[in-house]
Structures are given as structure tokens and as C-alpha cells.
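Student: Next input, structure requested:
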Amino acid sequence: MSAPIPTRSVKLSQSPCAADSSESAHRVPFRIPERLYGIVGHPLGHTLSPLLHNWGFALHSLPAVYMAWPVPPGRFASFMEAVRTLPVHGASVTIPHKEEALRLCDRVTDRARAVGAVNTLFLEGGVVCGENTDVTGFLAPLRARGVRIDEALVLGAGGAARAVLAGLVELGVRRVRISNRTHDKAMELAGAFGADVVPWDERGSAAAGLVVNTTPCGMQGARMGESPLPDGAFTGRGMAYDLVYNPLTTRFLADARAAGWETQDGLGMFVEQGREQFRIWTGLDLPAEGARRLIAEALGL
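Tutor: Numbering: from 1, shown residues only. All right, here's what the predicted structure looks like:
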């Protein structure tokens, strides 16, 4: 992992022509960024990662800056060359580049290889390495609750579902099932992680102690108010986990709560995967509650 970042700051003297001649106006603290970090993906208009990481750099007085790098499909290989040339010390990787990042890294962790995708780039001795902190982010709330899971149902078969399935394998969940509108995608993913497939039309009757929504159903926008499960699907007792974090309470979670289920929103996963990235890059921790409050306030939650 990357070595801790040394701090460096200077005082810039204000021009004698400035209107304010007070002592405080003559010497302004200014921190020179020495290391570049950022998020690469396309599109990036919604990303809150710069807010989180720049807050962390400021909190620890680190001479670093985190930027947004919108790189369209077909240009990621050029971006990786820039990483090897410029003072880029780490990057978050998001849609649509996670799978290509796995192929283009010089070295990847066992976890990233198991997921089949990289969401974090870091450098070790000039070597570009890849990790997947989505798994850490997904597992953190479950481990904090100390829940025991025997059976799980995963809704969706995209990139987020891969991280969830890898996390459930790490937890040693006895039986994992996956359901997706496109059956072939569910079959492919199930084969990669030793899971079973539930036809989409039968998902509401598939019993499981943990149901995880990895689809965009319920997300702020055109699909807000939707649920990936039909009415009346929550029976017995269990936990509903929604990777959506805006809004915090989706219809999926509201239905589960009304049926007496425990619920977990997606904000914890987003914050925890980012905190793990920050630790990989700097060797330092971000306060969990402060990070969660920062993102929640930015979302107006």
C-alpha cells in the first residue's frame, strides 16, 4: 500500500497594494498539492467522491488533491498511461472501466480478481496495482451488526452484484441465489460464484434471510418509488439491504420495514468503500461518522 503522505505548506505574502493591510491578510496559509488522486469514469456528474476525499486530505493536512476525470469508453488505456507518467498516486474507478482496469493493472489483489473488477488504483514501487473496496464497503455494515446469514438472495447481475456475491462468499453464506431480468446474465454470474439462479418471475417467493438490491430500482430519478420485489414479498423475518443511498429510504426498504424486517441503506457501503480507498492511499483513517454526515448533508438527507 502507499506510504503516508508527508505534509508541506507555505505562507504566501499578499501584494502590498492590497486594500486590507492587516497582518492576517498578509500571510495566507496555502497547501501545495504534491499528489494527484481522482475518480475516472463516464459520466461523472453525480459523483461525491471528490467531496469525501478532499475533505479527508484537508482533515489530515495532506498536500494532495482529488479530481474528477471523465474518461469515455475506449480511452481508458490512454488514462492508464497518464497514471504511469503523471504524479497520480491513486484513483477510484467506476462505470464503465472497472473490468478493463482489472486487465490493464500491473498487479491486482486476490479480492479484485475474485470480483472480476477493480475500483481502486494505487502505486507500489512504481507498479500500478488494483484493488476492489466495494467488497469491504458492502461487508462493513453487516459485520458491524454481527448478523449471521445462512441464505441470501441477490437482485440484479451488474458490477455491483459481483462485489456483493464476492462478499457473501467471504462471509461463508451457505446458500446464495441470484435473480435478474436477463436470465443469461444471472446464469453467467451464478456460475462464477457458485450461486443458484431464481427466475425473475419467482423472485418474490424465494425465501432468504438477507435480500440485497443491486439494481437501480428506487434510485433518485425516473425509477424512484419502484421496488425490485413485488408487493407482499417480505414474509417471516430477515434483513433487506439496498445499495441505493439516494434516497436513504427506498420503497424496497420501506416495504421491508413495514413487514418487520431489519434494513440497511446503501450510504454505509459508499462511505466504507471510500474510507478503505483513503486508507490504502495514505495509511490514515477517515472518521466514519463524520464521513457519513458529510455525504448525507451533501445529498440533503
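Student: Could you count how many residues lie near Val65?
Tutor: Residues near Val65, counting by other Cβ atoms under 10 Å, number 17. Every residue, glycine included, has its C-beta placed from N, CA and C.
Student: Provide a list of residues in contact with the nearest residue to it once chain neighbours are set aside.
Tutor: Setting aside the residues directly before and after it, Val65 is nearest to Pro33 in space (Cβ to Cβ, 6 or more residues apart in numbering), at 4.1 Å. When contacts are counted by Cβ atoms under 8 Å, 6 or more residues apart in numbering, Pro33 touches 63-65.
Student: all strands of the stretch 101-250 of the chain, in order?
Tutor: 107-108, 120-124, 127-131, 151-155, 175-179, 196-197, 210-213, 239-242 (DSSP state E, counting those that start in this stretch).
Student: Of all the ones you listed, which one comes closest to Arg75?
Tutor: Closest to Arg75 of the strands of the stretch 101-250 of the chain, according to Cβ to Cβ: strand 120-124, at 15.5 Å.
Student: Any buried residues in the closest one, and which?
Tutor: By neighbour count with 16 or more other Cβ atoms under 10 Å, strand 120-124 contains the buried residues 120-123.
Student: helices and strands of this structure: which one bottoms out on pLDDT?
Tutor: For the chain, counting by mean pLDDT, DSSP states H and E, strand 9-13 ranks last in confidence among helices and strands (a mean of 42).
Student: now Asp134: how far from His42?
Tutor: 18 Å (Cβ to Cβ, to the nearest Å).
Student: quick one on the thing from earlier: closest one of the buried residues of strand 120-124 to Leu229?
Tutor: Thr120 (31.3 Å).
Student: So which residues make contact with whichever strand or helix holds Ala256?
Tutor: Element membership of Ala256 [criterion: DSSP states H and E] is helix 251-258. Contacts to helix 251-258, defined as Cβ under 8 Å, 6+ apart, come from residues 211, 213, 217-218, 225-229, 231, 233-234, 239-240, 242, 244, 249, 262-263, 265.
Student: between that helix and strand 151-155, how many degrees?
Tutor: Angle of helix 251-258 versus strand 151-155, following axes from the mean of the first three to the mean of the last three Cα atoms, to 10 degrees, is 150 degrees.
Student: that's a strand at Trp69, yeah?
Tutor: Yes - assigned with DSSP: H, G, I helix; E, B strand; the rest coil, Trp69 falls within a strand.
Student: so it makes contact with His42?
Tutor: No - using Cβ atoms under 8 Å, Trp69 is not in contact with His42, being 9.3 Å away.
Student: related to what we said a few turns ago, just the contacts of Pro33: which are in strands?
Tutor: Taking DSSP state E, the ones among these that sit in strands are 64-65.
Student: now the contacts of Pro33 in a markdown table, with distance to Val169 and pLDDT?
Tutor: Putting the contacts of Pro33 into a markdown table (distance: Cβ to Cβ, whole Å; pLDDT from 0 to 100) gives the following:
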| residue | distance to Val169 | pLDDT |
| --- | --- | --- |
| Pro63 | 39 | 95 |
| Ala64 | 34 | 96 |
| Val65 | 36 | 97 |
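Student: and of the contacts of Pro33, the nearest to Ala166?
Tutor: Closest approach between the contacts of Pro33 and Ala166, by Cβ to Cβ: Ala64, at 29.3 Å.
Student: Look up the closest residue to the closest one, ignoring the ones flanking it.
Tutor: Arg35 (4.3 Å).
Student: ok, now which ones touch that neighbour?
Tutor: Per Cβ under 8 Å, 6+ apart, neighbours of Arg35: 5, 62-65, 87, 89.
Student: Since that was my last question, I'll sign off now.
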